[in-house]
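sequence and predicted model, in that order:
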Amino acid sequence: MKPETLDIVGVGFGAANLALAAALHETGRSDGALFLEKQRDFGWHRGMLMEGASMQVSFLKDIATMRNPVSDFGFLSYLQEKGRLVDFINHAVLTPSRTEFHDYLSWAADRVRHMVRYNTEITGVRPVVADGAVVALDVLAGDRVAARARNLVIAQGLRPRLPADVETGERIWHSSQLLYRLPEFDERAPKRIVVVGAGQSAAEIAGHLMDRYPAAEVCAVFTRYGYSIADASPFANRVFDPAAVDDFYHAPSAVKQSLLGYHGATNYAVVDGQVLDGLYRRQYEQRVTGEPRLRVMHASRIDSVDPRADSAAVRVRFMPTGEVTDLDADLVIYATGYTSPDPAEMLGGIAGSLCRDETGELLIGRDYRLRTTADFRCGIYVQGATEATHGISSTLLSMAAVRAGEIAESLADDERARERTAENGN
């Protein structure tokens, strides 16, 4: 039996495609849309929902408000429905806790549950050809057709990044696994934990581990000389403005690289000022009491990690002198960030229809639509994996609502164009 051809199929259902689902729902276009998600239910960085951890962006940069300030998918609507609007206002903060924001996203996801099929991992696509043109795409889960679509929106989220020679295991984790796996160690009373990385997650994890394991030494290892504060100044934050995406997209390649370099301190390997001050204060107080538990190994790199039966042998090199320190650790946690999956990995079945530039990179329009050959009648949109073309906000919440609105409008324009073509044909 031939599957129904849907107008829109979304691959992945994190914050980006949730924002798109909200936009489609508000404009009455939810009937022709389906989102496919490999998780069993909605979840957003669950492994890092540590108590006391706050968001690093304003609650106004939710999945809807910057697209539609009166949207009932906004964070304020969530607070009103939960009976906490007045309490949140009295709290006088712009950044809610990470736990509360996850609850907000889950609340929004539940409102569009009819548009989502969970527990479905997409592995590829296959073209549907008619009269010599690709008119639809079969979205595959293994060898099964999970859905057929005229338009595909890929938002696979981020993939944990590890050094090339590191493999996770019983005692070596990526930070994304933190809260899932820490209970395995709660009864073992770890004596030493190594945290690799200099960013927000690394600093938060160091603090969390000292709270959770009061007798443990936490060794923070990073190549910088010290943690660096995030640039959250209002002028620098303009790099996350919607207008900045237009500027970046149309800029020459050299300018794009310069802007990414100049403003890396707004997002990469930096720590919120309050978190940084709190961590320094704790280390200083430990020195006062003579009970140092936070050991900052700055300007250092991990030479090797050798998992053993009951520990991990970690060799740390102090880069200025080459001095080596050997540590016997119960656990090594790499807070080394994430990378965006290449959408081409999923699109191998239609590789010949994708247009590329002279360096081999996929061509992506301002509306986040991949450029395709003339015989390709489907739309493929990409969310997240567009930093090189659309700027530093591509993987962040800052642009999620506006980007969802732009993609929804592009999809609507395409539908209107098909309707006009059909009318002219008649």
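Arrived safely, thanks for sending.

all contacts plus neighbour counts: C-alpha atoms, from now on.
Will do.

the stretch 201-350 of the chain: strands as residue ranges?
217-221, 294-297, 300-307, 312-318, 323-329, 331-334, 338-339 (DSSP state E, counting those that start in this stretch).

just how off-centre is stretch 246-261 within its chain?
22 Å (CA atoms, centre = their mean, to the nearest Å).

repeat for stretch 268-278
19 Å.

distance of Asp413 relative to Asp231?
Computed as CA to CA, to the nearest Å, the Asp413 to Asp231 distance reads 38 Å.

with neighbour numbers in mind, choose between the two.
Asp231 (18 against 12; other CA atoms under 10 Å).

pLDDT score for that one?
Note for Asp231: predicted pLDDT of 95.

count the neighbours of the closest residue to it other than its chain neighbours for me.
Leaving aside its sequence neighbours, Asp231 sits nearest to Thr266 (CA to CA, 6 or more residues apart in numbering; 4.7 Å). Neighbourhood size, Thr266 [other CA under 10 Å]: 21.

over to Val332?
Applying other CA under 10 Å, we find 27 residues neighbouring Val332.

then the one 10 residues further on?
Using other CA under 10 Å, Asp342 is surrounded by 14 other residues.

cool, Val382 as well?
22.

residues in contact with the nearest residue to it once chain neighbours are set aside?
The spatial neighbour of Val382 that comes closest, neighbours along the chain excluded (CA to CA, 6+ apart), is Ile154 at 4.9 Å. When contacts are counted by CA atoms under 8 Å, 6 or more residues apart in numbering, Ile154 touches Gly10, Val11, Gly12, Pro343, Ile380, Tyr381, Val382, Gln383.

next, the buried residues of the single longest strand found in the chain.
Counting residues, the longest strand in the chain under DSSP state E turns out to be strand 144-154. Applying a neighbour-count criterion of 16 or more other CA atoms under 10 Å, the buried positions in strand 144-154 are Val145, Ala146, Ala147, Arg148, Ala149, Arg150, Asn151, Leu152, Val153, Ile154.

circling back: isn't the residue nearest to Asp231 right next to Phe235, touching?
No: counting by CA atoms under 8 Å, Thr266 does not reach Phe235; the two are 11.0 Å apart.

by mean pLDDT, which helix or strand of the protein comes out lowest?
helix 400-425 (a mean of 85; mean pLDDT, DSSP states H and E).

residue ranges with poor pLDDT in the stretch 301-426 of the chain?
Scanning the stretch 301-426 of the chain for pLDDT under 70 picks out 421-423, 425-426.

contacting residues for Thr336?
Taking CA under 8 Å, 6+ apart as the test, what Thr336 contacts is Pro160, Arg161, Leu162, His174, Ser175, Val196, Gly197, Gly199, Ala202.

actually Leu36, not the one I typed
Leu36 touches Val9, Gly10, Val11, Gly12, Phe13, Val116, Arg117, Tyr118, Asn119, Thr120, Glu121, Ile122, counting by CA under 8 Å, 6+ apart.

now do the contacts for Ala21.
Ala21 neighbours (CA under 8 Å, 6+ apart): Ser30, Val112, Met115.

mind redoing it with 10 Å?
When contacts are counted by CA atoms under 10 Å, 6 or more residues apart in numbering, Ala21 touches 10, 13, 15, 27, 29-30, 33-35, 63, 108-109, 111-113, 115-116, 404, 408.

same question, Tyr118
Gly12, Phe13, Phe35, Leu36, Glu37, Lys38, Gln39, Arg40, Asp41, Phe42.

show me those that map onto strands.
Per DSSP E, the contacts of Tyr118 map to strands at Phe35, Leu36.

of the contacts of Tyr118, grab the buried ones for PyMOL.
To isolate the buried members of the contacts of Tyr118 in PyMOL, using 16+ other CA under 10 Å:
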select buried, resi 12+13+35+36+37+38+42
